[in-house]
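Engineer: Return a 3D structure for these sequence lines:
(chains A, B, C and D)
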Protein chains: 4
Amino acid sequence: MTAKLSEAAKGVYIIAATPFTDDGALDLQSVDTLTDFYLRCGVHGFTLLGMMGEAHKLTAEESIEVVKRVVGRAGDRQVIVGVSHAGLENVRRLSHEVMVAGAAGVMVAPPAGLKGDDGIYNYYAQVFAALGPDIPVVYQDYPQATGVYLPPAVFERLVDDFKQLVMLKHEDWPGLAKLTRVREGEKKPGRRRVSILVGNGGLYLPQELRRGADGAMTGFAYPEMMVDVVAAHARGERERAHDLFDAYLPLARYEQQAGVGLAVRKFLLQERGVIASDFVRKPGPKLSAQDVDDLRFLVQRQDKRLREIG
Amino acid sequence: MTAKLSEAAKGVYIIAATPFTDDGALDLQSVDTLTDFYLRCGVHGFTLLGMMGEAHKLTAEESIEVVKRVVGRAGDRQVIVGVSHAGLENVRRLSHEVMVAGAAGVMVAPPAGLKGDDGIYNYYAQVFAALGPDIPVVYQDYPQATGVYLPPAVFERLVDDFKQLVMLKHEDWPGLAKLTRVREGEKKPGRRRVSILVGNGGLYLPQELRRGADGAMTGFAYPEMMVDVVAAHARGERERAHDLFDAYLPLARYEQQAGVGLAVRKFLLQERGVIASDFVRKPGPKLSAQDVDDLRFLVQRQDKRLREIG
Amino acid sequence: MTAKLSEAAKGVYIIAATPFTDDGALDLQSVDTLTDFYLRCGVHGFTLLGMMGEAHKLTAEESIEVVKRVVGRAGDRQVIVGVSHAGLENVRRLSHEVMVAGAAGVMVAPPAGLKGDDGIYNYYAQVFAALGPDIPVVYQDYPQATGVYLPPAVFERLVDDFKQLVMLKHEDWPGLAKLTRVREGEKKPGRRRVSILVGNGGLYLPQELRRGADGAMTGFAYPEMMVDVVAAHARGERERAHDLFDAYLPLARYEQQAGVGLAVRKFLLQERGVIASDFVRKPGPKLSAQDVDDLRFLVQRQDKRLREIG
Amino acid sequence: MTAKLSEAAKGVYIIAATPFTDDGALDLQSVDTLTDFYLRCGVHGFTLLGMMGEAHKLTAEESIEVVKRVVGRAGDRQVIVGVSHAGLENVRRLSHEVMVAGAAGVMVAPPAGLKGDDGIYNYYAQVFAALGPDIPVVYQDYPQATGVYLPPAVFERLVDDFKQLVMLKHEDWPGLAKLTRVREGEKKPGRRRVSILVGNGGLYLPQELRRGADGAMTGFAYPEMMVDVVAAHARGERERAHDLFDAYLPLARYEQQAGVGLAVRKFLLQERGVIASDFVRKPGPKLSAQDVDDLRFLVQRQDKRLREIG
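Structural biologist: Numbering: from 1, shown residues only, chains lettered A, B, ... in the order given. As a prediction, the model looks like this:
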């Protein structure tokens, strides 16, 4: 059994895709091959049932099945599970289920419509009260999807008041200034330093690492980019980190098209041979022949550039 | 077993509250007394698991339990069940479950983010393909919550192409012009006339009936108002319909406060003795002492005014 | 010259419509007759160039022309002018222009996109710095239009730090709890009590007065309702205030249809003979024959009910 | 005098920044040097008073002053001017003013809140009726800012019905599929082929050119990238177009941070010596020391990479 998630978490926690067969059934065989692929890429952990994992299109049974399958195969790698739900009692119930199934922590996004700084604080205070002190929690800060901006001052109040809040999934956009601000705020005597992993497809990863991010939590189809950039940064090799990042950037940028990105990601994972089908459950995006042509051309150029930089 | 929902539906389909005990458990005893109360009020049908029914805070098991309980007690009154879900396969699965449990039809709201007229048409075309021709469907048009405006021309295309679309739950605001427009469009030779029931707490009910609405589908805590106004309208008594409506309007207006309305409604139902507790599952609104004072004063005035008009 | 706006302001500050001729030109003659009508209704002040005044469809020259015309005719009644603008320098310039023209104060709404409690505070701090201490300011709290929720704690910080903030135009919805909360907060030793006038067409006026509102700032076409309700409340006649209010409520509710209300209001003002044309500048709403029929019927019933209650 | 804008327009129409002095005054000297710089970069036209030009923070007088200054210096290069305004009469008046001042055409974005396909069509039909047949119009399709999605079918109806609609400013995101779809639709016999220039900081420029875009209309601080990529594409050199694009992509991506991008752009233009100050009018973003460090590092790498690819 893996350790519980803590403030010390760092590296790449990959947001795992959920593979289906061509007729839409959950493909557990591909869950295995995909998990193995992520492990080979060197990821440090997994995040399941996030917004990009088609979690909201699974049945409750399928969700727990996926969690158990990945946990069973991920060895000592931690698994975080998204448990956001409209009802607080359901957040509690889901959290207990996945922790029992071996998750290392849970991730909670704010529901739409929270009002003002106090509205956010009070919602999470209710969540923490419902979950109790023993379940580590990640705050998923993704205002582009939730409509809820997280002010640094609110995050700090939550960190000060609730020990189980151990990580910020930082996906605000633009978010560089906030990242700097949160790390500055942690210099206050007595405040904990939490783990910060960044999203947005890793599109600002080198800049975010320099501002204090501990790694990435996103689902780019070339997880090795994030693993290598994080490692180069850790070694203090700024130019090398950028060289690697820039080689993948044309594709990373292409993947970051809202509403299409999931289809791009699954297509690339299928092209790489790690899932059997790039099926996306309805309603969902489909790639056109031109999209596929774009992608294959970008992959070729990416391969060439990676050989150039060695 | 009741007949399936059809274009002939009319009257008041009450959006039923979901009663809980004071500690938040589903209160099936109160489901019964509430169902009986609605029947005594003279409602013509029920709508379960709508947005105001806290459906999103129930577990899957609780949802089906509520459906079965109400169906079992509603006698020959039709029960419509909300089955909106992010995944199309889940819409299909839920619909089959509730139809097997005795529902007369299902209600589907559009997901946020549909683009353009074709985006709406194509989504519902997928829904109808998934459900097949034998499950009657209500289009829930509630743009204030979904962010999706339904153009009359799109609704007409759907009515023309899919026989199972039998009802419009009309809750756009403002919506009087749209209602007139839809009824005008039905004069085209060959187009079906569908049932239109209105929402928004009945706040425009007399005007909507004159424009062709067949009744109301909303959850105002005094369903007898809607039953009586619909009946007066059917008898051609315009002044009487307004007299009745106006007597209840101060309270109906008070109930129509977004985010608070549900607590108001449950409080009033508890005051009327038909549910044991006005508990709202978290996160949810709570009434203050001043709200309660407002409400009791309005109820007193309403009682007095109803005696005056006889 | 009238006194500057202060925390002592109370009563009805009518949001004045801007009358045009049938071909869309500014109708200064009707500005005069409308101003006289409002004065006869007993209003205590005027608010010009608010969101409902079609301010955004006027040229800069027309705007200042309207302000001067009303100021010149309003005698000792104060005139507040909306000066919200995307650029802070333009807010400053406009404010100076209208104050020189005789305004008693200015009203500023927050621009869309302010982030967090501090985002709101900082924006208004910039506004107050730009305007200086001598121009009284009204905070226009209308989140349904601006998308910016005003937390009571932020309003209190602004009141504590900026003496020129003298009034809250309270138009949040639902807003009763906020009103109570702001009045509670003012009990803190040393904090000023500001004027609070309410909007939303007066739809919750009796409840809002009981919670500490000092009056109304909205444009309902029957300003005498608001004047009379405020007066009855001041005399402590709760039932009388409600009797009056309820008589007008069916029409007030009809007017509160987003996007249509302006056309309803101008139609009623024209029917009452106080403006020459109900022309609304494009793009804008138009009433249908059925709308007109609805309105005339409601006015008849309103007249009858007013006679009944005496 | 330059020719009026037509369907034949292609290349790069730069969205010009509006330079201010350090104390916020309009800096006409810098307008000149910036215009000269753009011309040296090889732009094919200019777009003034767009959303990124701080147009909404200028006074009416400043706006027309900027237009005249650029027109007077741009020689035979066409100038398009943004004239979006809440009032239709103001759109008409502004359009006439700028056309008289020498603009080649005007650009109009849809106002927020248009409902359904017909709502968009009807709004533009009103615009075209107000402007008359002699003013060429660009449809600014930027739903991320306006909230209005433009369905291709609506654009086609407008193109078919209004000859003065000559260009689509394509800034939807994701937008590749729409671009393909619009070009496909133009194959219908009798339909005009319009000019399509793309925005979003040029972030998808190579892909968009292959799908039929005629160039770019955006304000990236290195306009030569767009000029060179468009030229390479025109010569059929796909790899070269991508090599150039990729060299600038890290910086282009950095500039595309909503709410910060304008400050980045002005900083880079100042660094390049073509405007005297990077002042942004309030309320507006400011760069931190870390932002500046990021940018200088990226510019160095960009210079190095450009030398490598020759």
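
Engineer: Torsion angles phi and psi at the residue in the stretch 1-150 of chain A that chain C sits nearest to?
Structural biologist: Closest residue of the stretch 1-150 of chain A to chain C, C-beta to the nearest C-beta: residue A:116 (3.3 Å). For the C-beta atoms, the positions are set from N, CA and C on the backbone; glycine is no exception. The phi/psi pair for residue A:116 (degrees, to the nearest 10) reads phi 70, psi 170.

Engineer: ok, now residue A:105?
Structural biologist: The phi/psi pair for residue A:105 (degrees, to the nearest 10) reads phi 180, psi 170.

Engineer: Can you name the residues bridging to residue A:216?
Structural biologist: Note on residue A:216: beta-bridge partners by DSSP bridges are residue A:12, residue A:198.

Engineer: show me what contacts it?
Structural biologist: Residues in contact with residue A:216 (C-beta atoms under 8 Å, 6 or more residues apart in numbering or on different chains) are A:12-13, A:197-199, A:202, A:205, A:226, A:230.

Engineer: if you set the cut-off to 10 Å instead, what comes out?
Structural biologist: With contact set as C-beta atoms under 10 Å, 6 or more residues apart in numbering or on different chains, residue A:216 has these partners: A:10-15, A:43-44, A:169-170, A:197-202, A:205, A:208-209, A:223, A:225-227, A:229-230.

Engineer: Residue A:185 too?
Structural biologist: A:152-153, A:155-156, A:159, A:191.

Engineer: List buried residues within those residues.
Structural biologist: A:152-153, A:155-156, A:159 (16 or more other C-beta atoms under 10 Å in any protein chain shown).

Engineer: Can you list the low-confidence ranges for chain A?
Structural biologist: A:1, A:53 (pLDDT under 70).

Engineer: got the residues of it near chain C?
Structural biologist: A:113-120, A:143, A:147, A:149-154, A:172, A:178 (C-beta under 10 Å from any C-beta of the partner chain).

Engineer: Narrow those to those in helices?
Structural biologist: If you go by DSSP state H, the residues of chain A next to chain C have A:116-120, A:143, A:152-154, A:178 in helices.

Engineer: Closest one to residue C:131 out of those residues, please.
Structural biologist: Closest approach between those and residue C:131, by C-beta to C-beta: residue A:116, at 24.9 Å.

Engineer: residues touching the closest one, list them.
Structural biologist: Counting by C-beta under 10 Å, 6+ apart, the residues that residue A:116 touches are A:122, A:151, A:154, C:116-117, C:120, C:149-154.

Engineer: try residue A:170
Structural biologist: Going by C-beta under 10 Å, 6+ apart, the list of residues near residue A:170 reads A:139-142, A:150, A:155, A:176, A:178-179, A:182, A:196-200, A:204, A:208, A:211-214, A:216-217.

Engineer: Check residue A:121 too.
Structural biologist: Contact partners of residue A:121, counting by C-beta under 10 Å, 6+ apart, are A:114, A:151, A:153-155, A:157-158, A:161.

Engineer: Now the buried members of those.
Structural biologist: For the contacts of residue A:121, buried by 16+ other C-beta under 10 Å: A:114, A:151, A:153-155, A:157-158.

Engineer: circling back: dump the contacts of residue A:185 into a markdown table; add distance to residue B:186 as well.
Structural biologist: Listed next are these as a markdown table, based on distance: C-beta to C-beta, whole Å:
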| residue | distance to residue B:186 |
| --- | --- |
| A:152 | 55 |
| A:153 | 56 |
| A:155 | 54 |
| A:156 | 58 |
| A:159 | 59 |
| A:191 | 65 |
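
Engineer: from the buried ones among the contacts of residue A:185, which is closest to chain B?
Structural biologist: Checking the buried ones among the contacts of residue A:185 one by one against chain B (C-beta to the nearest C-beta), the nearest turns out to be residue A:155, at 19.1 Å.

Engineer: for the closest one, what are its contacts?
Structural biologist: A:120-121, A:124, A:139, A:141, A:165, A:168, A:170, A:178, A:181-182, A:185, A:194.

Engineer: what's the distance between it and residue A:196?
Structural biologist: 10 Å (C-beta to C-beta, to the nearest Å).

Engineer: Between the two, which contacts overlap?
Structural biologist: Residues touching both residue A:155 and residue A:196 (C-beta under 10 Å, 6+ apart): A:141, A:168, A:170, A:178, A:182.

Engineer: Relative to chain C, how far out is the second one?
Structural biologist: From residue A:168 over to chain C the distance is 15 Å, taken as C-beta to the nearest C-beta, to the nearest Å.

Engineer: name the element that residue belongs to?
Structural biologist: strand A:165-170 (DSSP states H and E).

Engineer: Pairing partners for that strand, with directions?
Structural biologist: When pairs are called by DSSP bridges, strand A:165-170 turns out to pair with strand A:137-141 (parallel), strand A:195-198 (parallel).

Engineer: what's the neighbour count on residue A:260?
Structural biologist: The number of residues packed near residue A:260 is 21, by other C-beta atoms under 10 Å in any protein chain shown.

Engineer: give the contact list for it.
Structural biologist: A:254, A:284-288, A:291, D:173-174, D:176-177.

Engineer: if we go to 6 Å?
Structural biologist: By C-beta atoms under 6 Å, 6 or more residues apart in numbering or on different chains, residue A:260 lies in contact with A:285, D:174.

Engineer: likewise residue A:11?
Structural biologist: A:44, A:215.

Engineer: Equivalent analysis for residue A:219, please.
Structural biologist: A:15, A:52, A:265.

Engineer: returning to that earlier point: what separates the residue of the stretch 1-150 of chain A closest to chain C from chain B, distance-wise?
Structural biologist: In terms of C-beta to the nearest C-beta, residue A:116 sits 14 Å off from chain B.

Engineer: Ok, residue A:4 next?
Structural biologist: From residue A:4 over to chain B (counting by C-beta to the nearest C-beta), the distance is 25 Å.

Engineer: got it, and residue A:202?
Structural biologist: For residue A:202 relative to chain B (C-beta to the nearest C-beta), the value is 24 Å.

Engineer: residues in contact with that residue?
Structural biologist: Applying C-beta under 6 Å, 6+ apart, we find residue A:202 in contact with A:216, A:218, A:220, A:226, A:252.

Engineer: Repeat that for residue A:276.
Structural biologist: So residue A:276 contacts A:27, A:30 (C-beta under 6 Å, 6+ apart).

Engineer: Just say helix, strand or coil for it.
Structural biologist: With DSSP: H, G, I helix; E, B strand; the rest coil as the basis, residue A:276 sits in coil.

Engineer: For it, give me phi and psi.
Structural biologist: The phi/psi pair for residue A:276 (degrees, to the nearest 10) is phi -80, psi -30.

Engineer: how close does whichever residue of the stretch 151-300 of chain A sits closest to chain C sit to residue A:141?
Structural biologist: Nearest to chain C in the stretch 151-300 of chain A, going by C-beta to the nearest C-beta, is residue A:151, at a distance of 3.3 Å. Going from residue A:151 to residue A:141 by C-beta to C-beta gives 10 Å.

Engineer: any residue of the longest helix belonging to chain A up close to chain D?
Structural biologist: The single longest helix within chain A, with elements called by DSSP H, is helix A:289-309. Yes. Counting by C-beta under 6 Å from any C-beta of the partner chain, chain D has neighbours in helix A:289-309: A:290, A:294.
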